[in-house]
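Trainee: Task: produce atomic coordinates for the following.
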Amino acid sequence: MKNIYPTISSAIALLFATSISFAQAPNLGSVADFVLFSTNGAVSNTGSSELTGNVGTNNGSCTAFGNVNGVMHSSDGTTVQAAADLLIAYNHLASATANFFPSSTLGNGDTLVPGVYSIPSAATLNLQLYLNAKGNASAVFIFKIQGAFSSNAASKVQLINGALACNVFWKVEGMVNLASGTKMRGTVIANNAAIDISIGDTLEGRALSTTGAVTVHGILAYTPIGCGSPTLTGPSAPNLASTACYALFSASGAVTNAGVTHVTGDIGTNVGLTTGFLAIDVIGGTIQPIPDVSTASAASDLTSVYTHLNTLPYDIQLLYPAQFGRNLVLTPHTYWLNAATVLTDTLFLNAQGDANAVFVLQINGALSTSTYSKVVLLNGAQAKNVYWKVDGAVNISSYSIFNGTIVCNNGAINLNTGVTINGHAFATTGNLLTAAITAISPTTCSSINSITGTDSFEDPSEALITVSPNPFSTFTNITLNDISQLNTSVLVIYSMLGEELMNTVLTRQITTLETTKLPAGIYFYKISSADKATQSGRLVAQK
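Mentor: Numbers count the residues shown, from 1 in each chain. Below you'll find the model as predicted:
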């Protein structure tokens, strides 16, 4: 049977204090910004670790870290202050009066309530340990361990009923060694000893040592949110002005397409020609074959957009541009990459629940990607709030999924076969080439129609078909508006990557499409008839 309280004596005490937390959280000061830190000792990594928060040491070296979503510090003014703040936090925890005295094995399915826990020896985390805040988000848990602290493989600290990792603290008088697969919550402070965190571990908190090395091996670790931590909104976004109308645009350079490309938004250039795009594959926008008033306005506004992005002060420098991506998780900031950048595999952008949070990536060099690369949006992040300022050529490799607005300065943009870009691709000076891609503008302007109903470019009264409902979940009806077109009108439906999913002749005035097995997402349709104009549009499946 699950043991709800650590000891019988502590259970009696809880009868008199069921709604009171005896523990008081220490003030971490500047060390709160660090996910890994040692006052006196090396901080190192092996394997591929994803880290959010600063990494540093006040006396030692930081080695073998790739790109970190934070600032690397080694023996500088920031680490001096962090060392002082860590000592204050440690002394606070050391002087906390204990309420509970559990056994040296924590976990095994036990549930603990807020308070100060003291173990007069080494301790081990085994299986599941539940920390129950009892509905109080301010509830604090402090563990004072008078020896080493270790975990068995796949052990987990689980937070329930409002408990927050930022309110959990582990003061350890010995080495900390977390076995592979451990899921640790809280700020761990090892006094006069090292910390070693194994491959596959997750730490929602911090690993801090007063004197001792901190070593991680291919882990996921991030500073916790809450308890007064800053809310990240990112920098100010540029005003796209008239460029918002365009999905694909060059201020000076040819814009050229090969293959079947689907675009939502305008396409054009202010110097050169726009070629290779078919009107039937452009939704809610216009192809500008030659420069005109619209392209001149967009070229002028693009200069302002670039200047805004280029002059933003950066928060974080990603030190290894050639190793960009690789499952790196970024939060709303302005990032600087000071060399040619290669996005490999997956990049995650985590808005931390703020749908308005802005991400800016300033790349001082060319940008290229691996095949099938992905920019993935997490926790409310939106493509319209992501900006890539690239001083060099851009080459997005085949079948990549890219989110955000690309502003390429003095370089060509090449969007290869099967690329999906949820955003804009802009070049200040350079050609823009596409090859059977999907480009969806996430912003709107006066020239982009609201995409509902038929999504066609024709006068609705002259449309071949009406699609309703659209968006849809389990079905949609295709209504042929002119019965004389029965048996001659062909409906084709494509995926976002241009894969043909359906090809059928309409033999009824109303054709009901069952869509329960169709994954949620955006699809495109095209309908043609021998003696009437072709119509195309967008279908939106929702679940």
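Trainee: Alpha carbons of stretch 490-509, in CSV - could you do that?
Mentor: Only the C-alpha atoms of stretch 490-509 are listed here, as CSV (Å, rounded to 0.1, in the frame of the first residue of the first chain):
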residue,chain,number,x,y,z
VAL,A,490,-12.6,16.9,-62.1
LEU,A,491,-11.7,17.5,-58.5
VAL,A,492,-8.1,16.9,-57.3
ILE,A,493,-7.0,17.2,-53.7
TYR,A,494,-3.3,17.6,-52.7
SER,A,495,-1.4,17.4,-49.4
MET,A,496,0.8,20.4,-48.4
LEU,A,497,3.8,18.6,-50.0
GLY,A,498,2.0,18.4,-53.3
GLU,A,499,1.1,14.6,-53.0
GLU,A,500,-2.1,13.8,-54.9
LEU,A,501,-4.6,12.4,-52.4
MET,A,502,-7.8,12.3,-54.5
ASN,A,503,-8.7,12.6,-58.2
THR,A,504,-12.4,12.2,-59.0
VAL,A,505,-15.0,13.3,-61.5
LEU,A,506,-18.0,15.0,-59.9
THR,A,507,-21.1,13.0,-60.9
ARG,A,508,-23.5,14.6,-58.4
GLN,A,509,-24.4,18.2,-57.7
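Trainee: which residues are contacting that stretch?
Mentor: Residues outside stretch 490-509 that contact it (C-beta atoms under 8 Å, 6 or more residues apart in numbering) are 259-262, 399, 418, 420, 436, 438, 465, 478-480, 483, 485-489, 511, 513, 521-529, 539. (C-beta placed from N, C-alpha, C; glycine too.)
Trainee: Among the residues you listed, which lie within helices?
Mentor: Among these, no member is found in helices (DSSP state H).
Trainee: What subset of those residues is buried?
Mentor: 260-262, 399, 418, 420, 436, 438, 465, 478-480, 485, 489, 511, 513, 522-529, 539 (16 or more other C-beta atoms under 10 Å).
Trainee: Return the subset of the contacts of stretch 490-509 lying in strands.
Mentor: Judged by DSSP state E, these include 262, 420, 438, 465, 478-480, 511, 513, 521-529, 539 as members of strands.
Trainee: contacting residues around the residue most central in space within the chain?
Mentor: Most central in the chain under C-alpha atoms, centre = their mean is L349, positioned 1.9 Å from the mean C-alpha point. Contact analysis of L349 by C-beta under 8 Å, 6+ apart lists V329, L330, F359, V375, V376, L377, L378, A381, V386, N403.
Trainee: Paired strands for the helix or strand harbouring it, with orientation please.
Mentor: Taking DSSP states H and E as the criterion, L349 maps to strand 346-350. Here strand 346-350 is paired, per DSSP bridges, with strand 328-330 (parallel), strand 374-378 (parallel).
Trainee: which element follows the first one toward the C-terminus?
Mentor: The C-terminal neighbour of strand 328-330 among helices and strands, as given by DSSP H and E, is strand 334-337.
Trainee: care to break this structure down by domain?
Mentor: Domain segmentation of the chain under automatic domain parsing yields 8-222, 241-440, 460-541.
Trainee: What mean pLDDT does the longest one get?
Mentor: Domain 8-222 comes out with an average pLDDT of 93.
Trainee: roughly how far is that domain from the heart of the chain?
Mentor: 25 Å (C-alpha atoms, centre = their mean, to the nearest Å).
Trainee: Got phi/psi on the nearest residue to V188 once chain neighbours are set aside?
Mentor: Distances taken as C-beta to C-beta, 6 or more residues apart in numbering put W170 closest to V188, at 4.5 Å, once the chain neighbours are dropped. The phi and psi values for W170, taken as degrees, to the nearest 10, are phi -120, psi 110.
Trainee: Could you check how far E50 is from I522?
Mentor: E50 sits at a distance of 29 Å from I522 (criterion: C-beta to C-beta, to the nearest Å).
Trainee: Give me the sheet partners of the helix or strand harbouring F169 and which way each runs.
Mentor: Secondary structure assignment for F169, by DSSP H and E: strand 168-172. Here strand 168-172 is paired, per DSSP bridges, with strand 141-145 (parallel), strand 183-190 (parallel).
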